[in-house]
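Colleague: sharing a model prediction with you, sequence too.
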Amino acid sequence: MSELATVGIDLAKSVFQIHGVDGNGRVLVRRQLRRSQLLVFFQKRPRCLIGMEACAGSHDWGRRLLEMGHDVRLMPPSYVKPYVKLGETSRMGERTLRRLLIIGASAAVRWAMRKGKSADPWLMRILGRKPPMLVIVALANKTARIVWALMAKGGTYRAPAVAG
């Protein structure tokens with residue numbers, strides 16, 4: 001059985017996301033841990049490289065993990081962003097897929113601007129407050145998150161009910 005070589009930790013208030021790979025990059029661990037489970041999880045593991053975004057809490061967690069013998073690296077937020085995956089496609093998401101999401105969002109936003117209405121009340125609210133290009137990117141990101149959730153958890157998309 002392979003050993004964890006590198007682990008990425010996404011720190012949050014109470015639930016942390018762990019993503020661990022072996023020396024060949026094969027995913028061995030992808031799970032959520034509660035705050036109280038994090039140190040217990042790493043006590044059972046041999047020394048490995050642990051990366052996490054530098055934030056207020058990461059320094060304390062880093063010190064604790066260093067005391068266990070792990071190699072901890074804190075990264076600025078701008079370095080962490082490329083590791084956020086869009087589905088299972090790649091580290092930054094497939095370029096063509098990103099382009100298609102932007103094109104689709106652009107069409108939806110421009111139609112809503114021309115007609116002055118949309119089936120999505122969220123879209124109209126944000127259009128009233130933000131510039132169109134920002135709204136296009138936000139809509140593309142929202143669509144990507146919905147698609148990812150459907151792929152990760154399975155299921156069928158159900159459009160939110162429109163208030164009449």
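Modeller: Here it is on my side, so go on.

Colleague: in this structure, which spans are strands?
Modeller: Residue ranges of the strands in the chain, as given by DSSP state E, are 6-10, 15-21, 27-34, 49-53, 71-75.

Colleague: what is the least confident helix or strand in this protein?
Modeller: For the chain, using mean pLDDT, DSSP states H and E, the weakest element among its helices and strands is helix 77-80, scoring a mean of 68.

Colleague: show me the contacts for the residue nearest to Gly62 when sequence neighbours are not counted.
Modeller: Counting by Cβ to Cβ, 6 or more residues apart in numbering, Gly62 lies nearest to Val72, which is 4.3 Å off, once chain neighbours are set aside. Glycine gets a C-beta too; all of them are placed from N, C-alpha and C. Neighbouring residues of Val72 by Cβ atoms under 8 Å, 6 or more residues apart in numbering: Ile50, Gly51, Met52, Gly62, Leu65, Leu66.

Colleague: swap the cut-off to 7 Å and go again
Modeller: Applying Cβ atoms under 7 Å, 6 or more residues apart in numbering, one finds that Val72 lies in contact with Ile50, Gly62, Leu65, Leu66.

Colleague: helices of this structure, start to end?
Modeller: Using DSSP state H, the helices of the chain run over 35-43, 58-67, 77-80, 95-115, 121-129, 132-153.

Colleague: make JSON lines from those helices and add mean neighbour count and distance to Val21 to it.
Modeller: Shown next, in JSON lines, are the helices of the chain (neighbours: other Cβ atoms under 10 Å; distance: least, Cβ to Cβ, whole Å):
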{"stretch": "helix 35-43", "mean neighbour count": "14", "distance to Val21": "15"}
{"stretch": "helix 58-67", "mean neighbour count": "15", "distance to Val21": "17"}
{"stretch": "helix 77-80", "mean neighbour count": "12", "distance to Val21": "16"}
{"stretch": "helix 95-115", "mean neighbour count": "14", "distance to Val21": "23"}
{"stretch": "helix 121-129", "mean neighbour count": "13", "distance to Val21": "36"}
{"stretch": "helix 132-153", "mean neighbour count": "15", "distance to Val21": "18"}
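
Colleague: want to throw these into a markdown table with distance to Ser2?
Modeller: As requested, those are arranged in a markdown table below (distance: least, Cβ to Cβ, whole Å):
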| stretch | distance to Ser2 |
| --- | --- |
| helix 35-43 | 17 |
| helix 58-67 | 20 |
| helix 77-80 | 25 |
| helix 95-115 | 30 |
| helix 121-129 | 43 |
| helix 132-153 | 23 |
